[in-house]
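1. Give me coordinates for this.
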Amino acid sequence: MKVKHIITLTFLLLWKVSFSQQITNGFSMPESIISNGKRFFVSNQGQDFIKKDADGFISEISAEGTILTKKFLPLKGVLNAPKGMVIVNNILFVADLERIVGFNINNRKTVFELTIPEAILLNDICQLENGFIGVTETVSGNIYKINIIKKTYTIIGNIPTVNGIAYNQKTKELLVCSNGKNYGDGSVYLKSEISEFKKLPNITNGFFDGIEWIDNDHLLISDWITFPTNGSGKLWIYDLKNQQAKFKFTGESIADIYYDQKSSSIYMPQMFHNRVLISDWKQLNKKQQSVNNLYNYGIIDGFVGGLYRGTLPIKNLKLKGDFGIGAPDMLNGEMTLVNGKAYQTKSTGETTELDNSHLTSFASVTFFKFDTTFIQTSLTDKNNLLSTIKNVLPSSNKMYAIKISGTFDYMKTRAFSPVEKEPFPKLTNMLNQQHFFEYKNTEGTLVGFLLPNYLDGINVSGFHFHFLSKDTKQGGHTLDFKGNNLKIEIAVLKTFEMDTPNNSEFQNFEFQKRENAALKIVEHGK
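-> Sure, this is the predicted structure:
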């Protein structure tokens, strides 16, 4: 069911990022951009990104993005669905499904070809140390090191759905990023000379595609968020020293990006829109996507009153936040969103990750970035810790997202049974269908919000937490807990956005009027 945005409430003006951008149309499913510092090239996959249909080609563009020669390569022979490219000593190497092809960019002759028989979708490519290039293969997850002199190759790693690859010649560090097995739960990995690939922390899972070194301490990563596309993507800026990431939304389907050191420009092929976008890195780096917005889908009074049928896909919800709580389709349990992944704790106690097509009937999410953090070193229980949190907050009339993580001596959670037959009962008539779970010495995270009284009825005023264990096997709506050495992170939310379903159940639901004597006097002038 298509969900329309019916109503948007904004308590403060939502800050939108805007910056100058050069746009060039006229490509054919562009996937990658590369340059030797003087000349710029774009790979075009043609009509399909995986078929051997001989309609792929490489364009040459100017530094400003103007198409100089639309079909610059190949001069002879064919390309099927060319993707990642790298230029080594005036030889342009391109990944084309199961083979690597090299062209001399001065005379446009084919000078290299290597087939990897087991490969299906060779994807991105980069220069390694002298005489070697690195190539990813997304279907198998293999990362190949290719000797371009001997035309031999070895496997140097395997990461499922690996996509982008980039090498730092100075630090000898290799980066790769992945799409994720569910096409939206990928990660970013780094390998040094003395270590294997390790996942980088503090960046939300996504459908990562291109990756570039800005300098020795900063990375640039393109993120489709999910696949199929949904209108938006992200461009991440990752700080390796502080292990922190920030982002801004971009158009959808930004593939293998290229960063030009000379001009500080970012070249972005927008694959499904057949165009290339060019933006200024310095200008972009000054602007960060606003993460202080609380997105609310549905009305809690309606949900409690029986509106359990899901109407918003999880993939749409992820465009609004990577942290939050909500309800799965048809009530079965509780939903928790952590690091961009959604989990359902069922009435049986089983906790599983939800796929992007699952529907939610009610949810509250934000892009979490804390303003305040502290450690509760002594043993504490739920009431005492929540009281401590209240005492450090500036106002009871602000909205807060709160993350509490650590090892809990005791945790008690709850999940409701699923509903099946309409008319659905009110939640207050289903208290005998609650299922309770108790855990001891469990490590995990409390995900939740503290909302002011004026949101009561739209959402739950006061504290509201869900729990998810570190191994993602335990969860549910939080009823009680005890623990020590707990880390508390608090984000002040400055804006509020609300969407409601467009189905007949919501449109015909009878909300109860809340009487406000003072407002009634003002409205009637007496």
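2. What segments of the stretch 1-150 of the chain are helices?
-> Residue ranges of helices cannot be listed for the stretch 1-150 of the chain, since DSSP state H, counting those that start in this stretch assigns none.
3. What is the least confident helix or strand in the chain?
-> When each helix and strand of the chain is scored by mean pLDDT, DSSP states H and E, helix 517-524 comes last, with a mean of 61.
4. phi, psi of the most centrally placed residue in the chain?
-> Centre of the chain computed as the mean C-alpha position; nearest residue by CA atoms, centre = their mean is Gly206, 3.6 Å away. Note on Gly206: backbone dihedrals following degrees, to the nearest 10 are phi -160, psi -170.
5. The host helix or strand of Thr442 - contacts with which helices or strands?
-> Using DSSP states H and E, Thr442 maps to strand 434-451. On a contact count with 3 or more CB pairs under 8 Å, 6 or more residues apart in numbering; DSSP states H and E, strand 434-451 meets strand 323-328, strand 334-338, strand 399-416, strand 462-469, strand 475-483. Bear in mind the C-beta positions are built from the backbone N, C-alpha and C, glycine included.
6. Find the residue ranges of this structure scoring beneath the pLDDT cut-off.
-> Scanning the chain for pLDDT under 70 picks out the ranges 1-20, 284-291, 516, 518-526.
7. quick one, longest helix in it?
-> Of all the elements of type helix in the chain, the one with the most residues (DSSP state H) is helix 382-392.
8. Among the helices and strands packed on strand 434-451, which comes closest to Phe197?
-> strand 334-338 (22.7 Å; CB to CB).
9. same for the closest one, what does it pack against?
-> Applying 3+ CB pairs under 8 Å, 6+ apart, one finds that strand 334-338 contacts strand 323-328, strand 341-345, strand 359-366, strand 399-416, strand 434-451, strand 462-469, strand 475-483.
10. what's the closest of those strands to Leu175?
-> In terms of CB to CB, the element of these nearest to Leu175 is strand 341-345, at 21.8 Å.
11. which residues are in contact with whichever helix or strand comes after that closest one?
-> Next in sequence after strand 341-345, counting helices and strands by DSSP H and E, comes strand 351-353. Identification of contacts with strand 351-353 by CB atoms under 8 Å, 6 or more residues apart in numbering yields 182, 185, 341-346, 468-469, 472-476.
12. now stretch 465-472
-> When contacts are taken as CB under 8 Å, 6+ apart, the neighbours of stretch 465-472 outside the stretch itself are 325, 334-336, 338, 343, 345, 351, 353, 402, 404, 411, 413, 439, 442-448, 474-478, 481.
13. what's the span of stretch 53-68, first residue to last?
-> Its start and end residues considered, stretch 53-68 measures 25 Å (CA to CA, to the nearest Å).
14. do stretch 157-168 as well
-> Counting by CA to CA, you get 17 Å between the two ends of stretch 157-168.
15. which parts of the longest helix of the chain are buried?
-> Under the neighbour-count criterion of 16 or more other CB atoms under 10 Å, helix 382-392 has 382, 385-386, 389 buried.
16. which secondary structure elements does that helix contact?
-> strand 372-376, strand 475-483, strand 486-493.
17. quick one, the last one and strand 372-376 angle?
-> I take that to be strand 486-493. Relative orientation of strand 486-493 with respect to strand 372-376: 160 degrees, computed using axes from the mean of the first three to the mean of the last three CA atoms, to 10 degrees.
18. how about strand 486-493: buried residues?
-> By neighbour count with 16+ other CB under 10 Å, strand 486-493 contains the buried residues 486, 488-491, 493.
19. now for the residues you listed, which pair is the farthest apart?
-> Greatest spacing in the buried residues of strand 486-493, by CB to CB: Leu486 and Leu493 (21.4 Å).
20. Ignoring the adjacent residues along the chain, who's closest to Gly131?
-> Closest residue to Gly131 in three dimensions, ignoring its sequence neighbours and counting by CB to CB, 6 or more residues apart in numbering: Ile149, at 5.3 Å.
21. so Ala95 touches Gly84, yeah?
-> Yes - in this structure, Ala95 sits in contact with Gly84. The criterion is CB atoms under 8 Å, and the distance is 4.8 Å.
22. Find residues that contact each of those two.
-> Shared contacts of Ala95 and Gly84, defined by CB under 8 Å, 6+ apart, are found at 122-125, 135.
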